[in-house]
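Participant: predicted model and sequence follow; I will ask about them next.
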Amino acid sequence: MNDTPAPGEPGTGPGQTPSLRAFLGLYAAGFVDREQMIATVAAWPFEAEEGMDEGHPEPTHQDNTLSVLAAARLLGQVTREDVEEIQRRIDGGPDGPADGAARRP
């Protein structure tokens, strides 16, 4: 459906880290369906945020942080419900994480 590989897919070797920012842009443009976006983002290997500056709340030099997801919400690229479902899958809801993995501490 799109050319942006999800984390762990072929084409994401060293130096080829996929961009969450770009992936969410594809979703906002209609190239990725909602369920695929939620499943992919919930499994995304988020990076720790580096060099936070109050003047720049989003780390523009990093494309794979939770701040990128928060910015996508503020920009209207994803809905509050999308973010809640992603969070449920990351944390594990009443049915546990969507991928069957153990609940994160």
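Facilitator: Received the coordinates, thanks.
Participant: for this structure, give me the ranges with low pLDDT.
Facilitator: Counting by pLDDT under 70, the chain shows low-confidence ranges at 1-16, 51-60, 93-105.
Participant: contacts for the helix or strand containing residue 67, please.
Facilitator: Under DSSP states H and E, the secondary-structure element containing residue 67 is helix 66-74. Outside of helix 66-74, the residues within contact range by CB atoms under 8 Å, 6 or more residues apart in numbering are 20-21, 24, 28, 41, 46, 49, 57-59, 62, 78-80, 82-83, 86. C-beta: built from backbone N, CA, C; applies to glycine.
Participant: ok, then the element right after that helix?
Facilitator: Toward the C-terminus, helix 66-74 is succeeded by helix 80-91 as the next helix or strand (DSSP H and E).
Participant: buried set for that following helix?
Facilitator: When burial is assessed from 16 or more other CB atoms under 10 Å, helix 80-91 yields the following buried residues: 82, 83, 85, 86, 88, 89, 90.
Participant: tabulate those residues (a markdown table), appending distance to residue 73.
Facilitator: As requested, the buried residues of helix 80-91 are arranged in a markdown table below (distance: CB to CB, whole Å):
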| residue | distance to residue 73 |
| --- | --- |
| 82 | 8 |
| 83 | 5 |
| 85 | 12 |
| 86 | 10 |
| 88 | 15 |
| 89 | 16 |
| 90 | 15 |
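Participant: quick check: residue 64 touching residue 49?
Facilitator: No: here residue 64 lies out of contact with residue 49, judged by CB atoms under 8 Å, at a distance of 9.9 Å.
Participant: more neighbours: which of the two?
Facilitator: Neighbours of residue 64 and residue 49, each counted by other CB atoms under 10 Å, are more numerous for residue 64; the result is 21 against 14.
Participant: what residues are up against the more buried one?
Facilitator: For residue 64, the contacting residues are 17, 18, 19, 20, 21, 44, 45, 46, 47, by CB under 8 Å, 6+ apart.
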